[in-house]
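> Sharing a model prediction with you, sequence too.
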Amino acid sequence: MRKETCLYADYQATTPLDPRVLAAMEPHWHEAFGNPHSTDHVVGWQAEKATRKGASLVAALIGADTDEIIFTSGATEANNLALFGLVRHTSSKRRRILVSAIEHKCVLAAARALEDREKFTVEHVPVDSEGRIDLGTLKEMLDNTVLLVSIMAVNNEVGVIQDIPAIASLLAPYGILLHTDAAQAPCAMDLHDLAYHADLISLSGHKMYGPQGIGALYLRRDLHDRIEPLIHGGGQQGGIRSGTLPLPLCAGMGAAASLCASEQASIERQEIARLRDTFVGHLRTGEIEVALNGPPNEHRHPGNANVRFVGHNAQDILGVLQPRLAASTGAACTSGTPEPSHVLRALGLSTEESEASIRFSFGRFSTEHEIEQAATLVLEALASISSAARPQAALA
Ligand SMILES: Cc1ncc(COP(=O)(O)O)c(C=O)c1O
């Protein structure tokens, strides 16, 4: 995938819109428009039917029912709704919340706010050096004082895939709710039974070849009256999330979900993993030592390669690569912040190692040719940085 002359290797920041998704959205910007909440006429009924179809396709992706899908503006809002919504409604004596140490900032920041404002205790579940949840430690942290555990299905920086069914079975004896931020999961794995294991699931349109500006929270049906809305208004979506549903975005997210749930998707994931491995293989032919941060490939997002360039600075490398290659030094949402990645730190990397790391991420429109070009560009950038750093021979 090229963006003008720039090779795109940042699919975990955002995926390009799939043309089939664009086609599904297109009529809803003009002739098939309508307010899905207008109940008095056919234009509204048709719009409502289209948003329901979108919700049903999102539900099918994760094995849920249509009425268990609450559309939001993205995964950030879905995560906030899950955490704040449950906590603000609860009158129970359960006052502890557990979140993994490598959650996206929007979960960590929401959890911190719960601690400050709602007087809950938030504890971080550690991960091992591959980024996997330490199930033994998690088990020891559980008891009847825990309301909710929030653990992401797939990490956005190192691509580690967590064992959500195993985590769910640890929680079940205590009646603890499980929320999973699955924003990165639709491109990484088959999710057809995720709703069987998790009670709340967050999704994002623009991480699965759908539009930006939409996401969803799966909320198990019997939790609908146990959640306090964040946004109050006309009572749409059962009063859980008021506001007029954005019809084209709902249709687009549904189309994107159905592509990720298709049989073709698993073949696609294998092909993307092959390209990712080819890319890393090319990098290893250079003179600079490279290491992969995170888990072995069977537990990693197929498009993710979080690469450490030993002895180098990631910002310098990416700077030299501009404007020819797009990749990132960490979560896009935080890369403006000059602090080492909390994810890499949680895996035990030093500040120096974390500052030497770049996340490359590939996807549906990546090609073999681009992968080779991208690796060549990186090797050239490393060579030019190294030669600039070498002391110049004294001029005669
Ligand atoms: C794991 C994860 N959760 C949440 C988000 C936020 O998603 P959105 O942009 O839809 O708010 C992201 C985006 O980077 C993410 O990767």
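Cool, the structure landed. Numbers count the residues shown, from 1 in each chain.

> hey, let's count contacts and neighbours off CA atoms from now on
Fine.

> in the stretch 1-150 of the chain, which ranges drop under the pLDDT threshold?
Across the stretch 1-150 of the chain, the ranges flagged by pLDDT under 70 are 1-4.

> quick one: the helices in it?
19-25, 42-62, 75-89, 105-118, 135-141 (DSSP state H, counting those that start in this stretch).

> Out of those helices, which is closest to the ligand?
helix 75-89 (3.7 Å; CA to the nearest ligand atom).

> near the ligand, anything from that closest one?
Yes: using CA under 6 Å from any ligand atom, helix 75-89 reaches the ligand at Ala75, Thr76.

> That helix packs against which elements?
For helix 75-89, the helices and strands in contact under the criterion 3 or more CA pairs under 8 Å, 6 or more residues apart in numbering; DSSP states H and E are helix 105-118, strand 177-181, strand 200-204, strand 215-219.

> want to throw the ones you listed into CSV with mean neighbour count?
Putting the helices and strands packed on helix 75-89 into CSV (neighbours: other CA atoms under 10 Å) gives the following:
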stretch, mean neighbour count
helix 105-118, 17
strand 177-181, 24
strand 200-204, 29
strand 215-219, 27
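
> Any chance of TSV for the ones you listed, columns distance to the ligand?
Formatted as TSV, the helices and strands packed on helix 75-89 follow (distance: least, CA to the nearest ligand atom, whole Å):
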stretch	distance to the ligand
helix 105-118	6
strand 177-181	6
strand 200-204	4
strand 215-219	6
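
> Those: which one's closest to Tyr11?
For the helices and strands packed on helix 75-89, proximity to Tyr11 was assessed by CA to CA; strand 200-204 is nearest, at 13.1 Å.

> now that closest one against strand 177-181, angle please.
With axes from the mean of the first three to the mean of the last three CA atoms, to 10 degrees applied, the angle from strand 200-204 to strand 177-181 works out at 10 degrees.

> Touching strand 200-204 from outside, list them.
74-75, 78-79, 82, 178-184, 195, 212, 214-220 (CA atoms under 8 Å, 6 or more residues apart in numbering).

> and what of stretch 228-246?
35-37, 51, 70-72, 81, 84-86, 88-89, 224, 227.

> Span of it from start to end?
End-to-end distance of stretch 228-246 (CA to CA, to the nearest Å): 22 Å.

> For it, buried residues please.
Glu228, Pro229, Leu230, Gln236, Gln237, Gly239, Ile240, Arg241, Ser242, Gly243, Leu245, Pro246 (16 or more other CA atoms under 10 Å).

> Output the set of residues of the stretch 151-300 of the chain in proximity to the ligand.
Within reach of the ligand by CA under 6 Å from any ligand atom, the stretch 151-300 of the chain has these residues: Asn155, Asn156, Asp181, Ala183, Gln184, Ser204, Gly215.

> Distance-wise, check Asp316 relative to Ala59.
Asp316 sits 43 Å away from Ala59, taking CA to CA as the criterion.

> Quick check: mean pLDDT of stretch 189-198?
The pLDDT scores in stretch 189-198 average 98.

> If you count neighbours, what's buried in it?
Buried residues in stretch 189-198, counted by 16+ other CA under 10 Å: Met189, Asp190, Leu191, Leu194, Ala195, His197, Ala198.
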